[in-house]
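Participant: Here is my input; please provide its structure:
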Amino acid sequence: MKQRITTRITSGVLALALTGTAVAGPFEDGQAAYMRDDYAEALRLWGQLADQGDARAQFGVGKMYYIGQGVRRNYAQADEWFQKAADQGFAYAQFNLGAAYEDGGLGVPQDYALAYMWFSLASSTAINTELREMAVQNRDHVAAKMTPAQIDEAQRMAREWKPRLPPSCPTSMRAGAHCDASNVRRGPMSADIANPSDAVARA
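Facilitator: Numbering: from 1, shown residues only. Just a heads-up that it's a prediction; the model follows:
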């Protein structure tokens, strides 16, 4: 079961880019370090941004803890960083939490209602069509294991969910936006993931 989660999390998940800006910054520098296997530098750069509330960096740090890149593998730390990014509405983190709760991975207990909720949220916040479709597919797969009462509860949790943005983020951010280095410093800016294969649907 853990293999399915690993596949989803490791499948090109860190080919992230800031859309709408051509200027490189700390996140992109961290991405370049990660791509050349300089995990210590990637963790240093992303760790600083993650601590400031950058959802992309939080997600990247979570992946590094999950796999054990530049740090000792630590599922509890991975879950903590994925949770922070997911709480902001970062669809890829929401998807990974759905997978974790479905399979009981990342040190969290198996919970189909939470899996359904996170997959539902990922499907509604994802700008990337492929991720949105995979989230729907995985949500429906989980629903097949649930009672109607459990599905009703999961749908209620998804409806009542509200993003929790760090204090450093503007309060005027649009629904589905997440905090990143661009809007922490200068206000809201459209940011998303450029790579459409950042997660892998269930085989």
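Participant: what about the helix or strand residue 95 falls within, distance to the chain center?
Facilitator: Taking DSSP states H and E as the criterion, residue 95 maps to helix 91-103. Centroid displacement of helix 91-103 relative to its chain, using CA atoms, centre = their mean, to the nearest Å, is 8 Å.
Participant: and the following helix or strand past it, C-alpha only, in PDB?
Facilitator: Using DSSP H and E, the helix or strand that follows helix 91-103 towards the C-terminus is helix 112-125. What follows is helix 112-125, C-alpha atoms only, in PDB (Å, rounded to 0.1, in the frame of the first residue of the first chain):
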ATOM      1  CA  TYR A 112     -11.800   7.100   4.100                       C
ATOM      2  CA  ALA A 113     -13.900  10.200   5.100                       C
ATOM      3  CA  LEU A 114     -10.700  12.300   5.300                       C
ATOM      4  CA  ALA A 115      -9.400  10.700   2.100                       C
ATOM      5  CA  TYR A 116     -12.600  11.500   0.300                       C
ATOM      6  CA  MET A 117     -12.600  15.100   1.700                       C
ATOM      7  CA  TRP A 118      -9.000  15.800   0.600                       C
ATOM      8  CA  PHE A 119      -9.500  14.300  -2.900                       C
ATOM      9  CA  SER A 120     -12.700  16.400  -3.300                       C
ATOM     10  CA  LEU A 121     -10.800  19.500  -2.300                       C
ATOM     11  CA  ALA A 122      -7.900  18.700  -4.600                       C
ATOM     12  CA  SER A 123     -10.400  18.200  -7.500                       C
ATOM     13  CA  SER A 124     -12.000  21.600  -6.700                       C
ATOM     14  CA  THR A 125      -8.800  23.600  -6.200                       C
END
